[in-house]
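Participant: Sequence first, then the predicted structure, then my questions.
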Amino acid sequence: MPDRGSNASPVPSWALSSLDLPEGSVVCLDGGLATELESRGFRFETPLWSAQLLIDNAGAVHDSHLAYLEAGARIITSASYQATLQGFAGQGIEPERAREMLLESVRIAKRARDDAKADTGRAALVAASIGPYGAYLADGSEYRGNYGLDADRLEHFHRERIEILDQSGADLLACETVPDYLEACALARILEEISTPSWVSFCCRDDAVLHDGTPVEAAAAIFESIEKVFAIGVNCTAPEHVPSLIGRIRSAVPDKTVVVYPNSGEHYRDGTWTGERAASRWERNCREWIECGARIVGGCCRIGPHEIRQLVRIAEGCYS
């Protein structure tokens, strides 16, 4: 594996230029969108999860994006993680309205980005969030993998949504929380054909493998030759597993930027979060991930604006 942090593939120059950041910068992501919405009193009781608010309360989504931008995040992710055409159909929403909701998720994020820039002067990028098949099932399958579907069926599930978001005006696409080798193969087929830059991040059960048991190196290697996939990483994974995973990804795809946005260290079981929250170790963890070679860093479930503000301070200190 590469030495810690040495020769880490940087964030692409097109992204740094858009953000008015110097070469070598670490770029900070937002945290969990649902986490911030929950802190504002919202509860999610349909399979659409936070995407339900695209219908019920777009202003709350905008304000939650704004909270992360005000904390210093330079990339925010749209409220489309669980926004699938199939999921909307299950809630009685017609296909045309569902497509409009996908586009609206990006428009809301872009409005928040523009509002924040008018206030702070900081540029930011909007990533259209693309959750895994397990997020549509809304039964925790993204933490297990092994869906029982072949790559063709998974490609069919993902394709239309990705093609819509490819035309949404998002700066990039974020295929997130991928726990399954066949799902990674399906995504690769689609991402080869689209025009928007993208990253793929895996959900891992330990410091070496995806939830379906695939070595992270094998999953990462699927995307090695796809130029538009500029970054590979992990998200919604326990923080203690991340340093090893960074090294493994860098060894498999040394020319890709590494993106990491772990969760709080708690575990999702039967609709609730249990276990120890690693908040006291957050700053130390962020430093270690950067030292190991991550160049896009943020948080996932149970990570809010407070933690992102701490991360921004650390990133600016490392590369100021």
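Facilitator: Now that the structure is in, tell me what you want to look at.

Participant: Would you mark the buried spots in the helix or strand hosting residue 97?
Facilitator: Counting by DSSP states H and E, the element that carries residue 97 is helix 95-120. Neighbour-count burial for helix 95-120, counted by 16 or more other C-beta atoms under 10 Å, picks out 98, 100-113, 115-116. For every residue, glycine as well, the C-beta is placed using N, CA and C.

Participant: Then stretch 212-219?
Facilitator: Applying a neighbour-count criterion of 16+ other C-beta under 10 Å, one finds 212, 214, 216-217, 219 buried in stretch 212-219.

Participant: And stretch 286-304, by the same measure?
Facilitator: The neighbour-count check on stretch 286-304 (16+ other C-beta under 10 Å) flags 286, 288-290, 292-304 as buried.

Participant: cool, and stretch 34-43?
Facilitator: Neighbour counts over stretch 34-43 (16+ other C-beta under 10 Å) mark 34-38, 42 as buried.

Participant: These in helices, which ones?
Facilitator: Counting by DSSP state H, the buried residues of stretch 34-43 place 34-38 in helices.

Participant: Which residues are in contact with residue 215?
Facilitator: Listed by C-beta atoms under 8 Å, 6 or more residues apart in numbering, the contact partners of residue 215 are 208-209, 248.

Participant: switch to 10 Å and redo it
Facilitator: The contact partners of residue 215, taken as C-beta atoms under 10 Å, 6 or more residues apart in numbering, are 181, 204, 208-209, 221, 248, 252.

Participant: Next step: the residues you listed restricted to helices.
Facilitator: Counting by DSSP H, those place 181, 221, 248, 252 in helices.

Participant: Pull out the buried positions in the helix or strand harbouring residue 231.
Facilitator: For residue 231, the host element (DSSP H and E) is strand 229-235. Applying a neighbour-count criterion of 16+ other C-beta under 10 Å, one finds 229-235 buried in strand 229-235.

Participant: Strand partners (parallel or antiparallel) of that strand?
Facilitator: With DSSP bridges as the test, strand 229-235 is paired with strand 198-202 (parallel), strand 257-261 (parallel).

Participant: Let me have those in a markdown table, extended by distance to residue 78 and mean neighbour count.
Facilitator: As requested, the strands paired with strand 229-235 are arranged in a markdown table below (distance: least, C-beta to C-beta, whole Å; neighbours: other C-beta atoms under 10 Å):
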| stretch | distance to residue 78 | mean neighbour count |
| --- | --- | --- |
| strand 198-202 | 13 | 27 |
| strand 257-261 | 15 | 28 |
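
Participant: could those go into TSV alongside mean pLDDT and distance to residue 17?
Facilitator: Converted to TSV, those look like this (pLDDT from 0 to 100; distance: least, C-beta to C-beta, whole Å):
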stretch	mean pLDDT	distance to residue 17
strand 198-202	99	18
strand 257-261	99	15
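
Participant: measure residue 221 to residue 204 for me?
Facilitator: According to C-beta to C-beta, to the nearest Å, residue 221 stands 15 Å off from residue 204.
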